[in-house]
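**Q** Quick one, fold the following:
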Amino acid sequence: MNPEELPAQMEERKGRLASLAKSNADLQWFLDLADHHKQALAQRDALIAEQKSIIEQLKRMLFGPKSEKLTPEQEAELAEVAGDLQEQVARPGTDSPEVLIDETESEQKEDNQPRRRRQRRPLPVELEVITTVLEPAEAACKYCGKLGDKIGEEVSEQVDLIPAKLIVRRTVRIKRACRCGCGGVAIAPLPAALIPGSRLGLGLAVFILLSQYDDHLALYTLERIFRERHGVIIARQQMVQWIEHIAGLLRLIVDRMWERMKQGDYLQIDETPVRVLDPEVKGKAARGYLWFFARPKGDVILVFDQGRSHQVPAEQLRGFQGLFQSDDFSAYETLVKKLPGVRRAGCAAHARRKFYEAALEGDRQAIWFVGRFRQLYRIEDEARDQTPEERQALRQAQAPAIWAEMKTQAEQLQPLLLPQSSLGKAIRYFLSEYAVLQIYLERPDYQIDNNLIENSIRPSCVGKRRWLFIGHPQAGWRSAVIYSIIQSCRRRGIDPQEYLTDVLGRLPGMKNTELDSLLPENWNAARAKAAPIPGPPSAT
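**A** The predicted structure is shown next:
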């Protein structure tokens with residue numbers, strides 16, 4: 001080997017190793033992404049399996065031994081309930097466009113029911129398109145040597161991904177000094193920074209927020225991703241400090257959202273437990289609570305607290321006048337007594353669930369109540385897309401008679417049941433909540449249940465399974481603030497990444513009087529108003 005060629009060969013080998021390392025990092029990134037989707041599919045499969053199990057149990061009740069046969073009316077009710085569950089199982093798991101899925105012949109054969117072959121969906125038009133044109137290797141004629149005429153082309157498409165990368169965004173401010181002897185120096189002002197004195201860029205800040213609170217990745221996982229795939233060490237403690245500062249900025253928006261929410265007269269409330277690493281509780285995680293306050297189809301506000309007493313919602317609802325909807329938790333009953341001008345509506349989903357559980361335990365009489373709740377929800381499905389006046393008229397025409405029939409049946413059965421039996425508990429709950437369960441009939445904007453806010457709880461519950469716990473009691477408010485922003489955006493069809501990128505870019509330099517334009521309910525309209533109106537093309 002020529003010694004003079006050795007340095008060049010060494011550099012070439014270093015380049016190959018670097019390229020190989022990058023390929024391995026990209027491969028790991030795709031493997032992690034595949035694992036994430038695998039977990040999501042596993043959760044969906046588990047839900048489907050649970051619903052199928054319930055269906056099979058209902059079928060056994062319907063078609064079991066003769067000694068367990070139902071009356072014809074019960075059989076009809078049970079068949080309808082099973083049909084509803086079967087429809088749920090058959091629904092697609094996501095509303096997003098499926099651009100990568102082709103149904104194979106084997107998948108078609110697994111289903112005994114004939115169904116239409118699923119067509120490949122067109123690619124979203126907003127995706128960037130990178131075109132590669134391939135010429136045939138031997139395009140020139142072997143006889144005359146001329147390039148053949150183009151007579152057509154064949155196009156194939158694949159959805160690909162360009163992995164994210166970290167960059168350094170450098171800002172250079174030119175300083176100008178006057179030579180006349182006045183001593184004047186001019187320099188452009190430094191743009192408002194998200195965190196003064198920090199090297200945290202806007203894009204990285206949004207990525208960290210959404211990774212933890214929307215994708216539910218733990219910070220130690222993010223730390224590993226930055227180290228292994230980007231070769232940059234960003235410590236968890238540093239990310240915690242960044243998140244705390246950003247949550248402090250976003251809290252200004254959430255406080256304003258809460259003020260506007262309390263100006264209305266209808267809210268829904270619920271709570272969910274979350275584990276907290278409290279240094280004062282040795283050897284195990286303490287329990288905290290995320291409280292949810294929401295306006296149907298509007299903003300969602302989360303509040304973290306270590307307790308579950310009525311004092312938490314009482315403090316939040318101070319100044320609120322109107323109706324809140326919840327389950328029968330004693331803290332909510334205390335609110336009605338403590339806060340003047342506040343009353344509670346019940347949740348039909350909670351009442352229906354108790355009868356449903358009784359039916360699954362084999363109580364035939366519970367099936368009748370499940371069927372009546374089914375009729376009430378069919379009314380809501382029919383009224384959902386109607387005008388408020390039509391919705392109110394439909395409810396008043398059909399629902400009161402069903403509620404009265406259920407009450408009569410419950411009062412007749414109650415003396416015949418053991419108080420601690422499943423059906424006895426369901427009827428006791430129903431009769432104690434009967435008056436507040438019907439409050440939704442007063443106004444067309446009232447909901448029959450609390451399911452809208454329970455749907456808002458699900459993302460945080462997914463997060464609890466991923467990041468396991470809140471690291472410290474004082475960190476709970478940060479999670480509550482960021483979840484409030486993300487869930488309120490999603491309810492309004494706003495992309496959280498687009499929203500946070502715009503808002504965090506402007507928020508550090510804004511006045512408090514300008515905050516209303518950044519609220520999720522005003523954000524789209526404010527951006528459209530601020531966008532320049534294109535003028536007519538200039539003559540050339």
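
**Q** export stretch 427-436 as CSV, just CAs?
**A** Only the C-alpha atoms of stretch 427-436 are listed here, as CSV (Å, rounded to 0.1, in the frame of the first residue of the first chain):
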residue,chain,number,x,y,z
ILE,A,427,-82.4,1.3,40.3
ARG,A,428,-81.4,3.2,43.5
TYR,A,429,-79.0,5.3,41.5
PHE,A,430,-81.6,5.9,38.8
LEU,A,431,-84.4,7.0,41.2
SER,A,432,-82.1,9.2,43.2
GLU,A,433,-80.8,11.0,40.0
TYR,A,434,-84.2,10.9,38.2
ALA,A,435,-84.9,14.6,38.5
VAL,A,436,-81.4,15.8,37.4
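
**Q** Excluding chain neighbours, give the residue nearest to Trp258 in space.
**A** Ile301 (5.2 Å; CB to CB, 6 or more residues apart in numbering). To be clear about C-beta, it is placed using only N, CA and C from the backbone, and glycine gets the same treatment.

**Q** ok, that neighbour touching Met257?
**A** Yes - assessed by CB atoms under 8 Å, Ile301 is found in contact with Met257 at 6.2 Å.

**Q** more neighbours, these two?
**A** Shown here are Ile301 and Met257; by other CB atoms under 10 Å, Ile301 has more neighbours (26 against 23).

**Q** Got phi/psi on the residue nearest to Trp258?
**A** Dihedral angles phi and psi of Ile301 (degrees, to the nearest 10) take the values phi -110, psi 130.

**Q** Okay, and the beta partners of it?
**A** Residues found in beta-bridge contact with Ile301 (criterion: DSSP bridges) are Phe293.

**Q** My guess is Cys141 contacts Gly148. True?
**A** Yes - assessed by CB under 8 Å, Cys141 is found in contact with Gly148 at 6.4 Å.

**Q** Buried residues of stretch 425-435, list them for me.
**A** Applying a neighbour-count criterion of 16 or more other CB atoms under 10 Å, one finds Lys425, Ala426, Ile427, Arg428, Tyr429, Phe430, Leu431, Glu433, Tyr434 buried in stretch 425-435.

**Q** Please identify which of the residues you listed is nearest to Gln321.
**A** Nearest to Gln321 among the buried residues of stretch 425-435 is Glu433, at 22.8 Å by CB to CB.

**Q** Next one: the closest residue to the closest one other than its chain neighbours from Ala426, what distance?
**A** Leaving out its chain neighbours, the residue that sits closest to Glu433 by CB to CB, 6+ apart is Gly346, at 4.4 Å. Separation of Gly346 from Ala426 (CB to CB, to the nearest Å): 14 Å.

**Q** And Arg492, by the same measure?
**A** Distance, Arg492 to Ala426, using CB to CB: 37 Å.

**Q** got the contact list for Glu521?
**A** Contact analysis of Glu521 by CB atoms under 8 Å, 6 or more residues apart in numbering lists Met257, Arg260, Gly298, Asp299, Arg492.

**Q** Pop out the phi and psi values for it.
**A** Backbone dihedrals for Glu521, given as degrees, to the nearest 10, come out at phi -70, psi -20.

**Q** How about Ile151?
**A** Phi and psi for Ile151, reported as degrees, to the nearest 10, are phi -110, psi 0.

**Q** count of residues packed around it?
**A** Per other CB under 10 Å, the neighbour tally for Ile151 reads 5.

**Q** State the distance from it to Lys297.
**A** Distance from Ile151 to Lys297, by CB to CB: 55 Å.

**Q** Confirm that Ala475 sits in a helix.
**A** Yes - assessed by DSSP: H, G, I helix; E, B strand; the rest coil, Ala475 belongs to a helix.

**Q** what about it, how many neighbours?
**A** With other CB under 10 Å as criterion, Ala475 counts 19.

**Q** Could you give the bridge partners of the residue nearest to Asp265 when sequence neighbours are not counted?
**A** Leaving aside its sequence neighbours, Asp265 sits nearest to Gly322 (CB to CB, 6+ apart; 2.9 Å). Going by DSSP bridges, Gly322 is paired in beta bridges with Val342.

**Q** show me the contacts for Gly322.
**A** For Gly322, the contact set (CB under 8 Å, 6+ apart) comprises Gly264, Asp265, Tyr266, Leu267, Gly341, Val342, Arg343.

**Q** so what sits against both of Ile301 and Met257?
**A** Joint contacts of Ile301 and Met257 (CB under 8 Å, 6+ apart) are Ser484, Ser488.

**Q** Having no further points to raise, I will conclude here.
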